[in-house]
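[1] Output the structure for:
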Amino acid sequence: MQGIGLAVNKGKPKAWIVARELVYLIEQRGIDVYLEPELAHHFERDDLALPITRFHEKIDKVFVLGGDGTLLGFARHFAPYNIPILSINLGNLGFLSEAEPEDLPRAVEQIIRNDFYIEKRMMLEAIIIRREEQLKNFIALNDVGISTGSFSRMITHTVYVNERYLGSFSGDGLIISTPTGSTAYSLSAGGPIVVPYIDLFLLTPVAPHSLTSRPMVLSADEKLRIKVDSTHQDIGLTVDGQLGFKLEVEDDIIIQKSPYVTSLIKWREHNFFEVIRKKLQGEN
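    Next up is the predicted model:
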């Protein structure tokens, strides 16, 4: 094993405490551990300092300390390096997390014994094109949303699949999600839950002004082109609910499967349906 990096949500005080304990547990097993310089300095362990932009040079696994939002951000960062991620839940729901703070010794032991498997999660690529010029690229683990920024101001999305006209959707917006994102914003908008280990797109209208607009399931091998139209300029694109980009009328948004995946470390004794029952249905 090369080493383990700790990617920490520094806005959560508990994350600092958990990071300190993990440093002790990992070093106790003779494994190198790396921290962002701010944490390393706070722990008086400057010898462990490594900027997160250089983690990929030293580590082959990363522990993410935070909630699901923290994981989404670091997943996008580490995607080009295909570094497996163990998410330790310090948030509310922890839907994507595999370990809890009270399980740290067992989690470290399972990692060292290679007692886990890697689940590859599909990601999206969104390309924004304006007047035939490519403006911006994003990758997303959960979803890409295209929506109006103001209450009660409708926008229309015209959707093409491999340049074949699919249809027009008028309403508050449109969510294009991965199977991982099916339990996030798309679920709130009436989309189906999808097992995370298959590849597909979900197209979910948000508050559609129609009796026939329903969520659709599309092949991940297809390319979507979405043209945005409205009578106002209050239109935006969001990535995993975290990054935003202001759109203009007549912009084209290309959505396709990303060449990157997120590699999540999973315990063999857990399964997706158990997580659904516990996290979304409140089962103990």
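[2] Just give me the neighbour total for residue 101.
    Residues within reach of residue 101, counting by other Cβ atoms under 10 Å, total 16. The way it works is simple: take the backbone N, C-alpha and C, and place the C-beta from them, glycine included.
[3] Just confirm residue 273 is within a helix.
    Yes - judged by DSSP: H, G, I helix; E, B strand; the rest coil, residue 273 forms part of a helix.
[4] What's the separation between it and residue 217?
    19 Å (Cβ to Cβ, to the nearest Å).
[5] And for residue 89?
    Distance, residue 89 to residue 217, using Cβ to Cβ: 29 Å.
[6] more neighbours, those two?
    Counted by other Cβ under 10 Å, residue 89 and residue 217 do not tie: residue 89 has more neighbours, with 22 against 13.
[7] residue ranges with poor pLDDT in the stretch 1-150 of the chain?
    1, 150 (pLDDT under 70).
[8] Low-confidence stretches in the stretch 151-284 of the chain?
    For the stretch 151-284 of the chain, the ranges with pLDDT under 70 are 151, 284.
[9] give me that answer again for 80
    The model of the stretch 151-284 of the chain has pLDDT under 80 over residues 151-152, 231, 270, 279, 281-284.
[10] quick one: the strands in it?
    For the stretch 151-284 of the chain, applying DSSP state E, counting those that start in this stretch gives strands covering 155-161, 164-171, 173-177, 200-206, 216-219, 224-229, 235-239, 243-247, 252-266.
[11] I'd guess residue 115 is in a strand, am I close?
    No - checked against three-state DSSP, residue 115 lies outside a strand; its state is coil.
[12] Could I get the contacting residues of it?
    Going by Cβ atoms under 8 Å, 6 or more residues apart in numbering, residue 115 touches 109, 267, 268.
[13] just checking, the last one touches residue 119?
    Meaning residue 268. No - applying Cβ atoms under 8 Å, one finds residue 268 not in contact with residue 119, separated by 11.1 Å.
[14] circling back to that earlier point, I'd like the contacts of residue 115 as TSV, with neighbour count and distance to residue 55 appended.
    As requested, these are arranged in TSV below (neighbours: other Cβ atoms under 10 Å; distance: Cβ to Cβ, whole Å):
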residue	neighbour count	distance to residue 55
109	13	23
267	16	23
268	9	26
